[in-house]
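Enquirer: Take this sequence and fold it.
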Amino acid sequence: MVTWSFRRVVAADFGLLARWLSQPHVARWWNHEWSPEAVDRDFGPSARGEEPNQDWLASLSGRPAGLLQRCWWTDYPEYLAEMAPVYPVPAGAVSLDYLLGEPGDVGRGLGPSMIAAFTARTWTDLPGATCVVVPVVAANRASWRALEKAGFVPVAEGDLEPDNPRDDPRHRVLRLDRP
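Expert: Prediction:
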């Protein structure tokens with residue numbers, strides 16, 4: 001049985017995040033700088049509670065294995081506006097982003113179990129959350145399949161600005177409602 005635990009990311013985790021962000025399987029889709037300055041710039045505000053986004057470290061049986069980011073859609077009006085023509089995000093919706101950091105953890109079914117466990121925690125942590133809505137670049141089949149395996153259903157498809165400029169703007173939007 002897979003046992004996940006979650007805690008908020010702190011500055012002491014930045015070296016681990018930098019290593020994960022530099023891994024080819026992560027860098028391909030996250031397109032993120034991993035210098036110490038870049039990691040502090042991009043993850044520091046959340047770790048210090050200066051922005052509404054929450055970064056979470058996911059541990060598998062006590063071993064750090066993944067990163068999840070969670071936010072209310074309404075906390076980022078620019079993303080909500082970009083999403084509106086593709087899918088009208090409902091009130092109370094939360095979004096997630098996620099990665100498995102270690103190459104050896106990829107392709108073993110851990111992504112769906114991590115997402116499912118964290119989504120279950122979201123219902124407890126955020127009683128006002130009505131659903132989780134996640135846009136995924138359509139070319140990232142492994143990502144949207146992980147969401148489907150975790151119980152999410154496709155609700156829309158359309159063009160959004162991709163994280164990686166080399167990607168086509170086509171995205172799949174998946175949703176999971178509070179049970």
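
Enquirer: Next, the contact list for Gln23, please.
Expert: Residues near Gln23 by CB atoms under 8 Å, 6 or more residues apart in numbering: 101-103. Backbone N, C-alpha and C define where each C-beta goes, glycine included.

Enquirer: Out of those, which end up buried?
Expert: Those of the contacts of Gln23 that meet the buried threshold are 101-102, by 16 or more other CB atoms under 10 Å.

Enquirer: Which strand residues bridge Ser95?
Expert: Taking DSSP bridges as the rule, Ser95 bridges to Cys71.

Enquirer: Ok, Ala156 next?
Expert: Ala156 has these beta-bridge partners by DSSP bridges: Val173.

Enquirer: State the number of residues packed around it.
Expert: Ala156 is flanked by 16 other residues according to other CB atoms under 10 Å.

Enquirer: Surely it touches Pro85?
Expert: No - at 9.9 Å, Ala156 and Pro85 do not qualify as touching, with contact defined as CB atoms under 8 Å.

Enquirer: Sketch out the low-pLDDT regions of the protein for me.
Expert: Filtered on pLDDT under 70, the chain yields the residue ranges 1.

Enquirer: for Asp97, helix, strand, or coil?
Expert: strand (DSSP: H, G, I helix; E, B strand; the rest coil).

Enquirer: now swap in Gln69 and tell me
Expert: The three-state assignment at Gln69 reads strand, by three-state DSSP.

Enquirer: who are the neighbours in contact with it?
Expert: So Gln69 contacts 46, 53-56, 96-98 (CB under 8 Å, 6+ apart).

Enquirer: got it, and Pro112?
Expert: Pro112 makes contact with 146-147, 149-150 under the criterion CB under 8 Å, 6+ apart.

Enquirer: For it, which non-adjacent residue is spatially closest?
Expert: Among residues not flanking Pro112 along the chain, Lys149 sits closest, at 3.6 Å (CB to CB, 6 or more residues apart in numbering).

Enquirer: repeat for Ser46
Expert: Asp55 (4.5 Å).

Enquirer: Distance check, the one you found against Asp13.
Expert: Using CB to CB, to the nearest Å, Asp55 is found at 9 Å from Asp13.

Enquirer: Show me whatever sits in contact with both of those two.
Expert: Common neighbours of Asp55 and Asp13 (CB under 8 Å, 6+ apart) are Ala47.
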